[in-house]
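Novice: quick one: sequence plus predicted model below, questions after.
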Amino acid sequence: MVVVARFSFPYEAHIAKANLASAGIESFIADEHTVNAQWLYSDALGGVRLMVAEEDANQASEILGEDFSQCFENADDAVEGHIDVCPHCGSSDIAAYTKGKRSAFLVFILLGFPLFFYQQGYMCNQCGAFSKTL
């Protein structure tokens, strides 16, 4: 077994291990429990180690080195094949917005206890319309 990656936290190693498992590469996480029990030992041990068989080391390093950030950027824009648009003007320039947040904050400051009368939703940056759902 050879070390293909080192991580500060065990959860990072488990994510990488799952990535390798999806490609059919068996791997082993070393020093996971030691770091969980005493996290200050992580640097002294060299972190949580992800190990694979020597013959799978090159392929595992390539898989772990891939950049999947483009997949996440596209996933934010499209949900089930459509882009979220404003129901009033059809613009896709929308943002998450909390309606009534300022007045709720002022009531909290003046009265000393919160009154939760705000609404979560979306605000269109083109027409200024508020919508609870898209």
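Specialist: Perfect, thanks for sending it.
Novice: what is the rounded mean pLDDT of stretch 1-9?
Specialist: Averaged across stretch 1-9, pLDDT comes to 90.
Novice: to clarify, my last question referred to stretch 24-36.
Specialist: Computed over stretch 24-36, the average pLDDT equals 90.
Novice: check which helix or strand residue 12 maps to.
Specialist: helix 10-22 (DSSP states H and E).
Novice: and what of residue 97?
Specialist: In this structure, residue 97 sits in strand 94-99 according to DSSP H and E.
Novice: do residue 4 as well
Specialist: strand 2-7.
Novice: so how far is that strand off the chain centroid?
Specialist: 22 Å (Cα atoms, centre = their mean, to the nearest Å).
Novice: just to revisit the earlier point, list the helices and strands the strand holding residue 97 packs on?
Specialist: strand 119-124 (3 or more Cβ pairs under 8 Å, 6 or more residues apart in numbering; DSSP states H and E). C-beta here means a position set from N, CA and C on the backbone, and glycine is covered the same way.
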